[in-house]
Each structure stands twice: as C-alpha cells, then as structure tokens.
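*Asks:* can't give you the sequence, but here's the structure:
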C-alpha cells in the first residue's frame, strides 16, 4: 500500500535496517554521505569563487536533500530555485520556511499567467516569515499580465524578478542584442508591478565540456552575458523614474553543474572585467551526478551519489552482436529515463562488464561490454535473479520516476537502508 500513498514514517518502519538486496526493484538509492559531501564542496566552490549560492531543488525534490544543500560546515544559504510549484509548497509544508532554512524561493520558469494565483499565495506565505518569492521574465507580455493581475488585487504588490538571459541554449531567455534589450528594460523599469533583482542564465550547453578549461570558459561566458546585461540595464535605469525601486547592485546569477564545478579561486582570477553586480552561483544536479556529468571529466565515479537497483529477470545466450550474451532487467525507460549522453547506452552496471544498452517502457536490455579496469567494471558474470546496480545518464529525470528513495550512508556502511526520502511530486 506504500505505493498508493507514500508515508515517510511507515516506510521507515518497513525498510530501515534492511539490506539493499532485500528491496523490491527497480529501486532508487541515494548515498547520503556522498550527497552531503557534494553539497559541502559546492559551498566551498561558491565561497572561493566569491559568490553567494542558490541551490536548485529540481533533482532530489526533498526536505532532507534541501537541508543538506543549504547548510554545511563550509557555509549556508537560504536561497533556492524550484522548477515546479509543488517543490515550492513542499519547502513550505516541510517546515523549511518556518524554521528559517529557506527565505528566498525563485520559481525557475518564465512566469505563466495561470501560475499567478498560486505564486501569490506562496508570496503571502513567505512574507509571513520574512521571506520572498522571485520570478523570471523574458517577454513583455509577461510584464503586461503581471500589471493587469496586480491592478485587480486589493493590495497590489511588486514582484521581485530576474531577467532570464539566453546565452545560446535557446531554451528560455532574452537575447542581449542592445537595441531590443534596452527597449525591453525600459518597459520593465517603468512597470508598477516589477522590481528587477538581477540577471539569470544557465549554460546547459556546458554539459558537452570534457575538461576543466572548457567548463571554465563556459562559466566565463555566463558571467560576461549577465554582466553585459546589467551594464545595459544600468544605462537604461539611469534615465528611469523608477531607478530607486530596483535592486542595486544587481545579482548576476549563473550556473550549471559543469560550470559550477569549475567555479574555483583559480577561475575567479580569470575574470578580468569589472562586475556590474554581485555574483550568485546556482546549480542542482551536482548533488547526485550521473553519466552525463562523468563524461565532462569534472567528477569521478565515487562522487555519484545515486544508483538504481534492478533485478535480472531473463538471459539470452549469444543473442547480442558478435554472438555476445544479453540479459533483461526490470528497469526500463520509466525507471531510467530515455535521456542519453556522450557515454554510450542508458546506464553502466556497477562492477560488471555490462551496460543498459536498450530500453522500452519497463524492459531493460543489458548488453556485454569489454572489461574496464579503470572503472572497476570487470566482472562478466550475470544470472537470472541477480540484483544489479545501474548508474544512469541523467539523475534528475531518473529520480523523478520514484515515489521514494532508499537512503544509505557510506560513512556507516552502505549496504543497509538508514532513511527514506519522499520527494515532492507533480507541478
């Protein structure tokens, strides 16, 4: 019955203390010690790079993970990004606003008209505790409907907004073309419903990095983009009647997991331009990591804090290419996602010279690969009934499939469940 309505206390009673090989599969497992160390290291990066930090909650979507993201022995932050309103309300209902852990929530998509009632309720709840909600803007129609919405309210408010910048990813954001961008900013600065907090970008293309130098170059590009935007905005603001109601200095919010991993004291030395604001680093996948991040060479396998347990349910001798064997496990596309990466396949089997080579909805086809001493994937044996551990391509999408996570802790021995995390589901 846990699957119908996951309850943390009931799940803890049933599963804490059990060995991993006793769990029903597919199962999603998080190593709390590795997760926490990844969070601590990111605080160190932000500190050494000279930035504040904003943790993105989209990967784990949990109360427990949020606490580890925001507080470490290196430092703490109270600012987060969410990708869904369910994540934002999960933060509130999980007590993280009332206890002061979270004071600043950024809704991480350009604001939609049908989200304003929910965002306003969230804003009111955050305000009760001295916190704030921020939004992203990248189109003037958003400014228009924010103004119309606030005119209809008994007590109109100003929305604290980041301007989302398009650095070439073409996912969201406004281009930094001077004429159109300055026209955009004139309209935004004239709005009665908006206070500009800063400029925000995400270098998703940095996932193609294969060296620290490449990732640092992408990071430098993110800073340049937001810094140039702030410079143009300052020119416009100097002529605006509303210059006193917009945040100064602007916050320059940059980051993706590869660029954030490259944000070090050495990277700071490469920034030669005068900043037109203060730096903020944001990222989310770094807490769990995956094969996509492994390919960048910025992390090693021991830093990956998540894996999927699957059971071998059938075996097919000689069916594969060149007469190699294949096997079937119970972790398919729903359990692993269909995201791919520069490392071939949909997942690596830990310790085994096998990979997840093909998938359909619930079927995972395991195929043999040459033994790899460097990764420790050297054992060619596999039989029906075996439990295998698979590290997939994209942790964010993999985690989203699971109603709860089994938590282990490698500082306490990593073969038994020590906690259960129940993620926030929906939008």
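*Replies:* Ah, there it is. Keep in mind it's a predicted model, so treat the numbers as computed, not measured.

*Asks:* leaving out chain neighbours, which residue sits closest to residue 222?
*Replies:* residue 254 (3.8 Å; Cβ to Cβ, 6 or more residues apart in numbering). Glycine gets a C-beta too; all of them are placed from N, C-alpha and C.

*Asks:* local confidence estimate at the one you found?
*Replies:* As predicted, residue 254 sits at a pLDDT of 97.

*Asks:* how about the one 5 residues further on?
*Replies:* Confidence per residue is given as pLDDT, and for residue 259 that number is 95.

*Asks:* hmm, residue 169 is touching residue 205, no?
*Replies:* Yes - judged on Cβ atoms under 8 Å, residue 169 makes contact with residue 205 at a distance of 5.6 Å.

*Asks:* give me the low-pLDDT residue ranges for the stretch 151-300 of the chain?
*Replies:* 245-247 (pLDDT under 70).

*Asks:* now with 80, please.
*Replies:* Residue ranges of the stretch 151-300 of the chain with pLDDT under 80: 169, 205, 241-248, 270-273.

*Asks:* just the helices in it please.
*Replies:* 178-189, 212-237, 257-261, 265-269, 291-295 (DSSP state H, counting those that start in this stretch).

*Asks:* now the stretch 301-427 of the chain
*Replies:* Along the stretch 301-427 of the chain, counting by DSSP H, counting those that start in this stretch, helices occupy 333-336, 395-399.

*Asks:* between those helices, which gets nearest to residue 264?
*Replies:* In terms of Cβ to Cβ, the element of these nearest to residue 264 is helix 395-399, at 22.9 Å.

*Asks:* list the buried ones in the closest one?
*Replies:* Neighbour-count burial for helix 395-399, with 16 or more other Cβ atoms under 10 Å as criterion, is recorded at 395-396, 398-399.

*Asks:* could you dump the residues you listed into JSON lines and include distance to residue 270 and pLDDT?
*Replies:* Output for these, formatted as JSON lines (distance: Cβ to Cβ, whole Å; pLDDT from 0 to 100):
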{"residue": "395", "distance to residue 270": "29", "pLDDT": "98"}
{"residue": "396", "distance to residue 270": "29", "pLDDT": "97"}
{"residue": "398", "distance to residue 270": "34", "pLDDT": "98"}
{"residue": "399", "distance to residue 270": "34", "pLDDT": "98"}
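
*Asks:* quick check: the farthest pair among the residues you listed?
*Replies:* Maximum distance among the buried residues of helix 395-399 (Cβ to Cβ): 7.3 Å, for 396 and 398.

*Asks:* what's across from the closest residue to residue 344 other than its chain neighbours in the sheet?
*Replies:* For residue 344, ignoring the flanking residues on the chain, the nearest one in space by Cβ to Cβ, 6+ apart is residue 355 at 7.2 Å. Beta bridges link residue 355 to residue 348, residue 367 when assigned by DSSP bridges.

*Asks:* if we can go back for a sec, closest one to residue 249 among the helices of the stretch 301-427 of the chain?
*Replies:* helix 395-399 (31.6 Å).

*Asks:* show me what that closest one is packed against.
*Replies:* On a contact count with 3 or more Cβ pairs under 8 Å, 6 or more residues apart in numbering; DSSP states H and E, helix 395-399 meets strand 306-316.

*Asks:* run the last query once more with 10 Å
*Replies:* On a contact count with 3 or more Cβ pairs under 10 Å, 6 or more residues apart in numbering; DSSP states H and E, helix 395-399 meets strand 27-31, helix 291-295, strand 306-316, helix 333-336, strand 387-392.

*Asks:* with mean neighbour count added, can I get the helices of the stretch 151-300 of the chain in TSV?
*Replies:* What follows is those, written out as TSV (neighbours: other Cβ atoms under 10 Å):
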stretch	mean neighbour count
helix 178-189	16
helix 212-237	20
helix 257-261	30
helix 265-269	13
helix 291-295	22
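
*Asks:* nearest to residue 138, out of the ones you listed?
*Replies:* Across the helices of the stretch 151-300 of the chain, residue 138 has its closest neighbour in helix 178-189 (8.7 Å, Cβ to Cβ).
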